[in-house]
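Participant: Fold the following for me, if possible:
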Amino acid sequence: MEFLLFEHTFPAKYLASFHEVHEAVFASIFNDQKLIDKPNLLMILAVEKERVVGFKLGYEHPDGVFYSWLGGVHPDFQQRGIAANCMEMQHSWCKEQGYQRVRTYGRNEKRAMLIVNLKAGFEIVKTFVDDKGRHKIVFEKDL
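Facilitator: Numbering: from 1, shown residues only. A predicted model of the protein is given here:
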């Protein structure tokens with residue numbers, strides 16, 4: 001397995017398998033338009049035999065904090081440290097770019113990711129209810 005880092009644009013050759021992982025993890029179709037115009041977009045892909053099996057996406061928030069936006073690992077590849085490796089790569093890249101903090105959101109339904117965030121040193125800084133009525137937990141970490 002290899003971990004690949006891409007800045008600003010998503011490589012077309014991985015888009016179909018990225019969609020498969022996203023759908024398997026989130027039970028929804030990813031809208032590619034969401035990738036357009038994200039400032040300082042970063043994509044980390046875990047790839048096995050030319051197929052995406054995990055990913056981590058993030059970009060710069062208007063307040064200058066790097067937002068770790070979306071990530072997931074295909075259920076067939078979970079419990080192998082892939083999410084943690086993607087996160088570690090993301091945080092290393094953020095430090096190199098001069099970011100001081102990383103922010104991410106979580107939901108109680110995704111408890112495994114909440115645990116990964118806490119083990120990685122994130123702190124809960126607040127909670128809120130989004131426009132779809134879902135409770136969200138805001139995590140931040142100093143780099």
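Participant: going on from the helix or strand bottoming out on mean pLDDT in the chain, what's the next piece of helix or strand?
Facilitator: Every helix and strand of the chain was ranked by mean pLDDT, DSSP states H and E. The lowest is helix 111-119, at a mean of 86. As assigned by DSSP states H and E, the chain's next helix or strand after helix 111-119 is strand 123-129.
Participant: quick one: the helices in the protein?
Facilitator: Secondary structure of the chain (DSSP state H): helices at 15-26, 82-97, 111-119.
Participant: Quick check: mean pLDDT of the first one?
Facilitator: Put plainly, it is helix 15-26. The pLDDT scores in helix 15-26 average 92.
Participant: List of residues touching that helix?
Facilitator: Residues from elsewhere that reach helix 15-26 (C-beta atoms under 8 Å, 6 or more residues apart in numbering): 10, 28-30, 32, 45, 50-55, 70, 72-75. Every C-beta, even on glycine, is put in place using the N, C-alpha and C of the backbone.
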